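Student: Sequence first, predicted model second:
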Amino acid sequence: MGRLQGKTAIITGGARGMGAATSRLFVAEGANVVIADILDEEGQALASELGEAALFQHHDVSSEESWQAVLEATVARFGGVQVLVNNAGVLMFKSILDTSKADYERVLGINLVGTFLGVKTIARHMVETGVAGSIVNISSVDGMKGCNALSAYASSKWGVRGLTQVAAMEFGHRGIRVNSVHPGGVNTVMSNPFEQPKDQIDKAYRDIPLQRISEPEEVARVSLFLASDDASYVTGEEVKVDGGLLIGRYYDTLPGAPDKG
Ligand SMILES: NC(=O)c1ccc[n+]([C@@H]2O[C@H](COP(=O)([O-])OP(=O)(O)OC[C@H]3O[C@@H](n4cnc5c(N)ncnc54)[C@H](O)[C@@H]3O)[C@@H](O)[C@H]2O)c1
């Protein structure tokens with residue numbers, strides 16, 4: 001039996017990248033999946049590939065009305081929802097001095113407000129229907145450290161981390177677990193926009209312990225664990241999936257570094 005047998009999951013940003021990998025894995029593990037994204041063509045194609053267990057729903061996470069529509073479509077097709085993966089996100093590289101208020105609000109509106117609206121809409125439904133659910137919020141290593149050029153993105157991901165802790169408190173006693181996932185580099189359009197070969201991309205990761213970028217499936221498997229009953233006593237957790245990036249980078253000249261023995 002699949003690890004998500006009998007469960008229905010909404011996956012935002014599910015049309016491509018990590019969201020698509022998560023949608024495929026969840027269906028393989030027995031779930032029904034609602035692929036909720038602004039990318040209609042990619043989302044429809046993935047839903048067709050996955051068959052009866054999948055539904056594509058056009059969805060802009062920054063809109064409260066859109067969240068209501070996703071919930072209604074999910075309940076109409078699958079009868080309810082037990083899992084939410086707040087995965088949709090956008091990245092922007094700009095220095096603080098070059099970031100306009102509109103730039104900043106756009107990134108926060110999708111990454112943080114979108115996650116807040118998802119938690120609010122779906123947790124409310126879970127509470128009203130007495131569902132013991134799981135919410136997985138995709139943050140980032142940039143929600144745990146600083147990085148130049150990422151004021152809006154890092155603020156949004158730190159916000160997702162904080163929101164996750166609050167939600168874990170408010171919904172834990174109602175049977176809903178809420179956790180955050182903190183990927184490092186993932187080989188998707190976001191981190192590899194020019195689709196360079198993996199060995200080229202890996203060069204930029206030579207100074208982290210696992211010395212490579214991750215594949216989206218490697219993050220999806222962690223979301224699967226948190227979504228499933230295997231994680232029945234895990235809430236408010238922050239799971240790094242970063243190849244060791246946050247513990248440190250090698251100093252080439254010192255012993256213990258790669259090639260230094
Ligand atoms: N790629 C990385 O290196 C990396 C690292 C850490 C965290 N993340 C996070 O992982 C998540 C998935 O990113 P990815 O790497 O798959 O990138 P991606 O760009 O391939 O996918 C992002 C998805 O979000 C969707 N999206 C964007 N705005 C939306 C909106 N307003 N409403 C609904 N959907 C919207 C996009 O259409 C796309 O399908 C993001 O939250 C990202 O911040 C990615």
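Tutor: It's in. Numbers count the residues shown, from 1 in each chain.

Student: which SS state does the residue of the stretch 51-200 of the chain found nearest the ligand fall under?
Tutor: The ligand sits closest to G89 of the stretch 51-200 of the chain, with a gap of 2.4 Å, by CB to the nearest ligand atom. For glycine as for every other residue, the C-beta is placed from the backbone atoms N, C-alpha and C. Assigned by DSSP: H, G, I helix; E, B strand; the rest coil, the conformation of G89 is coil.

Student: List the contacts of the nearest residue to it once chain neighbours are set aside.
Tutor: Excluding the flanking residues, the one nearest G89 by CB to CB, 6 or more residues apart in numbering is N111, at 4.9 Å. Contact analysis of N111 by CB atoms under 8 Å, 6 or more residues apart in numbering lists A88, G89, V90, Y153, S156, K157, G159, V160.

Student: check which helix or strand covers the last one.
Tutor: In other words, V160. According to DSSP states H and E, V160 maps onto helix 151-172.

Student: does any part of that helix sit near the ligand?
Tutor: No. Helix 151-172 is not in contact with the ligand by CB under 6 Å from any ligand atom; minimum separation 6.8 Å.

Student: Can you pull the residues of the chain lying near the ligand?
Tutor: Checking the chain against the ligand by CB under 6 Å from any ligand atom, the hits are 12-13, 15-19, 37-39, 59-62, 87-90, 110, 138, 140, 183, 185-186, 188-191.

Student: and these, which are buried?
Tutor: Listed as buried from the residues of the chain next to the ligand are 12-13, 15-19, 37-39, 59-62, 87-89, 110, 138, 140, 183, 185-186, 188, 190-191; burial here means 16 or more other CB atoms under 10 Å.

Student: Out of those, which sit inside strands?
Tutor: Counting by DSSP state E, those place T12, D37, I138, P183 in strands.

Student: who's the last one bridged to?
Tutor: By that I understand P183. Note on P183: beta-bridge partners by DSSP bridges are V241.

Student: Please apply the same query to the first one.
Tutor: Partner residues in beta bridges with T12, using DSSP bridges, are A36.

Student: can you tell me how far it sits from Q68?
Tutor: According to CB to CB, to the nearest Å, T12 and Q68 sit 14 Å apart.

Student: and if you look at A28?
Tutor: Noted for A28: a distance of 29 Å to Q68, by CB to CB.

Student: Equivalent analysis for A47, please.
Tutor: Separation of A47 from Q68 (CB to CB): 20 Å.

Student: again, but for S62
Tutor: Counting by CB to CB, the gap from S62 to Q68 is 13 Å.

Student: which of the residues in the helix or strand harbouring R124 are buried?
Tutor: In the assignment (DSSP H and E), R124 maps to helix 114-129. Using 16+ other CB under 10 Å as the test for burial, helix 114-129 gives G114, T115, F116, L117, G118, V119, T121, I122, A123, H125, M126.
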